[in-house]
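Could you work out the structure for the sequence below:
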Amino acid sequence: MANVRKVFRQLQNLFCRNRIEDDLSEELRFHLESEIEKNVAVGMTPKEARYAALRNFGGVEQVKEVCRDVRGVRWVENFRQDLSFGFRMLVKSPGFTAVAIIALALGIGANTAIFSVINAAFLAPVPYKDPDRLVYIMGTNLRRGEGLGVSMADFLDWRAQNHVFEQMAANDGGANFNVTHSAEPDLIWGAYRTPNYFSTLGIEPILGRNYLPEEEQPGHDSSVILNNRCWRRRFGADPNVIGKRLSINGRNFTVAGVLPVSLNGASEVLMPLVPSNYLADRADRSWEVIARLKPGITLQQANADMQALARGIELQYPDSNKDYGVRVVPLSEAYAGGAALTPVYANQSLLMMLGAVALVTLMACTNVANLILGRAVSRQKEFVIRTVLGSGRARLIRQLLTENLMLFLCGGTLGVVLAIWCKDLLVTVGGAYIPDTAEVTVDTRVLAFSLLLSLLTGFLFGLAPALQASRINLNDLLKDSGQAMAGGLRRNKTRRVLIISELALAMVLLISFGLLIRSFLQVLAVPMGFDPNNILTAAASLPASKYDAAPRRAAFQRSVIEQALSLPGIKSAGLTTAMPLGGAGTMWFSVEGHAPIPGGAGSNRQVHLG
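Residues are numbered from 1 along each chain as shown. Predicted coordinates:
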């Protein structure tokens with residue numbers, strides 16, 4: 001109970017400071033006047049009586065300090081004074097303050113920006129309900145140890161026969177679709193999802209509804225769901241978009257819902273997947289599968305159950321499923337580059353970027369530390385006067401550290417503002433490294449990182465200048481020989497260490513940058529095998545409803561080539577399914593007279609091109 005009363009009194013002293021200070025001054029004045037009256041009564045003159053009272057009293061301000069110590073809030077008063085004095089000193093030197101804050105803002109802001117990408121890509125939880133129960137199911141080639149996609153027939157067997165999942169959903173990688181919602185058609189990236197896809201993730205549209213279960217059946221797949229970016233960019237965030245009609249590849253669809261921002265992936269239009277349309281070829285493994293574990297089911301149990309299913313299907317369909325296994329991994333791991341969705345080089349690239357930016361930040365902090373140390377030389381007389389008046393070295397160090405931390409915090413705050421402004425640029429440049437589910441924002445985790453970075457660098461790079469500046473030689477300085485203390489780099493070990501560190505960091509960056517440029521030039525010098533000059537490209541997506549047969553598609557392709565050749569300035573024209581150096585991925589083709597590859601993609605597409 002005594003401790004509670006003590007804390008209450010300290011809080012009262014803290015928040016009622018002005019009233020308590022007035023009461024303290026009034027009480028001390030009363031005691032001082034009483035002492036003066038006693039001295040006058042014994043025959044002293046008023047002047048002598050006052051001087052004697054002050055001498056016996058020990059100084060009014062000193063008594064106030066003792067009383068504040070008793071109240072337990074002196075540290076608050078000292079901190080307030082340090083902040084006030086530090087602010088005045090920074091304002092007094094606007095040039096130094098501006099240069100230091102801008103240098104720190106560039107370094108801390110760059111770190112904050114890169115960390116915001118890493119946070120979105122690898123640290124932030126996936127924005128789904130109970131994400132620890134969501135898994136990604138991938139096929140594997142047991143003989144070669146490589147990851148594979150999933151066939152629709154295998155997916156349906158898994159969904160019907162597993163004992164470990166509440167729901168299982170499939171999706172494709174997406175493709176370009178001709179979407180007409182106004183006078184002119186747009187080429188928009190879209191994808192197919194099984195109707196239970198968003199309910200498996202635990203996602204509800206912000207407008208409209210989710211897919212209905214019956215939309216998995218042929219003839220009932222006429223709804224489309226828009227992602228948030230598509231809704232805003234192409235429909236002007238129209239709240240009445242639900243029910244509007246779209247033409248996608250020649251088919252009419254009705255807008256059923258709009259997804260939240262957390263699902264702003266590459267696919268802008270999402271159509272219901274009808275599994276029965278893709279059962280002809282069990283070896284066509286072009287689908288991705290996600291699932292939600294039943295409560296209490298572990299990842300190990302899920303893997304054991306799915307592997308048993310895969311072995312059973314392999315016995316039933318040996319031609320297409322020989323050596324075909326399955327692996328279950330957490331969805332967060334899959335989206336962080338561990339299994340399928342983000343390549344490993346993306347992780348390495350982001351970490352390399354963070355390392356390079358960290359070196360730049362260290363250089364900026366070292367530079368600011370040098371500026372602080374140089375500025376401290378011009379304040380030596382101030383430090384001498386404060387020392388003569390009774391300030392100890394610890395008091396000077398505390399004041400200088402407070403000023404330095406204020407400087408670094410201001411730089412960190414401006415850096416966060418710069419990171420927010422550069423967010424869209426980062427997403428554009430690093431889009432290939434960021435999962436579709438990731439939303440790059442400056443959230444509380446990023447702000448905490450920036451605050452911690454500012455405080456840590458402010459303390460580490462402000463401590464050395466504070467220790468150096470607080471080393472006072474009263475004899476030299478009082479003789480106006482303060483400049484001798486600055487004496488150049490030879491006599492200032494601290495400044496030498498800072499400059500050497502800065503040069504070392506700069507050399508690391510320059511060497512790394514030189515190696516990067518050299519590698520880039522070597523890549524440019526590699527012959528591509530074709531002349532890329534004066535080549536134009538265009539992409540087209542043929543709707544299956546109009547070009548459902550190979551002869552129609554061939555006729556369209558011939559027409560495109562003929563019309564292109566008829567244009568002035570066109571020397572030659574051709575068609576391809578993948579651009580040179582475009583990263584087309586993996587394709588399988590059959591070779592006449594050769595047997596299918598076991599565990600490959602089936603009997604009709606067998607030669608691996610990648």
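
any idea which residue sits dead centre in the protein?
When Cα atoms, centre = their mean is applied to the chain, the residue found nearest the centroid is residue 116 (2.2 Å).

What score does residue 470 have for pLDDT?
For residue 470, the pLDDT comes out at 68.

picking up where we left off before, distance of the residue nearest to the centre of the chain relative to residue 255?
Distance of residue 116 to residue 255, computed by Cβ to Cβ, to the nearest Å: 32 Å. In short, each C-beta sits where N, CA and C put it, glycine included.

Also residue 467?
66 Å.

neighbour-wise, which of these two wins?
residue 255 (23 against 15; other Cβ atoms under 10 Å).

isn't there a strand covering the more buried one?
Yes: using DSSP: H, G, I helix; E, B strand; the rest coil, the assignment for residue 255 is a strand.

Contact partners for the nearest residue to it once chain neighbours are set aside?
Nearest residue to residue 255, sequence neighbours excluded (Cβ to Cβ, 6 or more residues apart in numbering): residue 244, at 4.9 Å. For residue 244, the contact set (Cβ atoms under 8 Å, 6 or more residues apart in numbering) comprises 181, 235, 254-255.

which pair in those residues spans the largest distance?
235 and 254 (13.7 Å; Cβ to Cβ).

Look at the two and report which has more neighbours.
Neighbours were counted for residue 235 and for residue 254 using other Cβ under 10 Å; residue 235 has more, 18 against 13.

pretty sure that one is in contact with residue 229, am I right?
No: between residue 235 and residue 229 no contact is recorded; they are 10.6 Å apart, counting by Cβ atoms under 8 Å.

got any residues that touch both of the two?
Taking Cβ under 8 Å, 6+ apart as the contact rule, residue 235 and residue 229 have no neighbour in common.

Output the below-cut-off pLDDT ranges for the stretch 301-450 of the chain.
For the stretch 301-450 of the chain, applying pLDDT under 70 flags the ranges 335-354, 388-391, 423-440.

repeat that with 90
Counting by pLDDT under 90, the stretch 301-450 of the chain contains low-confidence residues at 318-325, 330-450.

Tell me how far stretch 522-541 lies from the chain's centre.
Chain-centre distance of stretch 522-541: 33 Å, with Cα atoms, centre = their mean, to the nearest Å.

what do you get for stretch 362-380?
Here stretch 362-380 is found 31 Å from its chain centre; the criterion is Cα atoms, centre = their mean.

can you pull the buried residues of it?
If you call a residue buried by 16 or more other Cβ atoms under 10 Å, then stretch 362-380 has these buried ones: 362-373, 375-376, 380.

Stretch 315-331 too?
Buried residues in stretch 315-331 (16+ other Cβ under 10 Å): 317, 320-322, 324-331.

Quick one: end-to-end length of it, please.
29 Å (Cα to Cα, to the nearest Å).

now that stretch, how far from the centre of its chain.
Here stretch 315-331 is found 36 Å from its chain centre; the criterion is Cα atoms, centre = their mean.

Quick check: residue 453 is in a strand.
No: if the criterion is three-state DSSP, then residue 453 is helix and not within a strand.

closest to residue 452 among the buried residues of stretch 362-380?
Residue 452 has its nearest neighbour among the buried residues of stretch 362-380 in residue 365, at 14.0 Å by Cβ to Cβ.

Which residue is the nearest non-sequential neighbour of that closest one?
residue 461 (4.4 Å).

And residue 151, how far from residue 318?
Look at residue 151 and residue 318: by Cβ to Cβ, they are 15 Å apart.

same question but for residue 304, I mixed them up
Counting by Cβ to Cβ - residue 304 and residue 318 are separated by 22 Å.

residues touching residue 570, list them.
residue 564.

Which element, helix or strand, includes it?
Using DSSP states H and E, residue 570 sits within no helix or strand.

cool, and residue 188?
If you go by DSSP H and E, residue 188 is part of strand 185-193.

just checking, what packs against that strand?
On a contact count with 3 or more Cβ pairs under 8 Å, 6 or more residues apart in numbering; DSSP states H and E, strand 185-193 meets strand 165-172, strand 175-180, helix 228-235, strand 269-272.

For the next helix or strand after that strand, name the packing helices and strands.
Later in the chain than strand 185-193, the nearest helix or strand by DSSP H and E is helix 197-201. Other helices and strands packing on helix 197-201, by 3+ Cβ pairs under 8 Å, 6+ apart, are strand 165-172, strand 287-293.

in the longest one, what's buried?
Within strand 165-172, the residues that qualify as buried are 165, 167-172, counting by 16+ other Cβ under 10 Å.

ends of stretch 241-259, how far apart?
With Cα to Cα as the measure, stretch 241-259 spans 12 Å from end to end.

what's the average pLDDT for it?
For stretch 241-259, mean pLDDT rounds to 88.

likewise stretch 146-154?
Mean predicted confidence for stretch 146-154 is 86.

Just the C-alphas of that stretch, formatted as PDB.
Provided in PDB are the C-alpha atoms of stretch 146-154 (Å, rounded to 0.1, in the frame of the first residue of the first chain):
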ATOM      1  CA  GLU A 146      11.600 -31.200 -58.600                       C
ATOM      2  CA  GLY A 147       8.400 -29.400 -57.800                       C
ATOM      3  CA  LEU A 148       5.400 -29.800 -60.200                       C
ATOM      4  CA  GLY A 149       2.000 -28.400 -60.600                       C
ATOM      5  CA  VAL A 150      -1.300 -30.300 -60.000                       C
ATOM      6  CA  SER A 151      -3.700 -31.800 -62.600                       C
ATOM      7  CA  MET A 152      -7.400 -31.100 -62.200                       C
ATOM      8  CA  ALA A 153      -8.200 -34.800 -62.000                       C
ATOM      9  CA  ASP A 154      -5.700 -35.300 -59.100                       C
END
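
Give me the buried stretch members for that stretch, please.
148-154.

Mind putting those residues into CSV with distance to residue 292 and secondary structure?
As requested, the buried residues of stretch 146-154 are arranged in CSV below (distance: Cβ to Cβ, whole Å; DSSP: H, G, I helix; E, B strand; the rest coil):
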residue, distance to residue 292, secondary structure
148, 22, strand
149, 20, coil
150, 16, strand
151, 21, coil
152, 20, helix
153, 22, helix
154, 19, helix
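
Out of these, the closest to residue 110 would be?
The closest of the buried residues of stretch 146-154 to residue 110 turns out to be residue 149 (Cβ to Cβ; 38.2 Å).

Excluding chain neighbours, what is closest to that closest one?
According to Cβ to Cβ, 6+ apart, the nearest residue to residue 149 is residue 285 (4.0 Å).

Over to residue 457?
Here the nearest residue to residue 457 in space, its sequence neighbours aside, is residue 365; by Cβ to Cβ, 6+ apart that works out to 4.8 Å.

gap between the one you found and residue 290?
From residue 365 over to residue 290 the distance is 44 Å, taken as Cβ to Cβ.

per-domain residue ranges of the chain.
Per the record, the chain has its domains at 2-72, 94-122+344-522, 144-322, 550-609, by automatic domain parsing.

Just put the ones you listed in TSV and tack on distance to residue 539.
TSV is the format used below for those (distance: least, Cβ to Cβ, whole Å):
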stretch	distance to residue 539
domain 2-72	67
domain 94-122+344-522	18
domain 144-322	6
domain 550-609	9
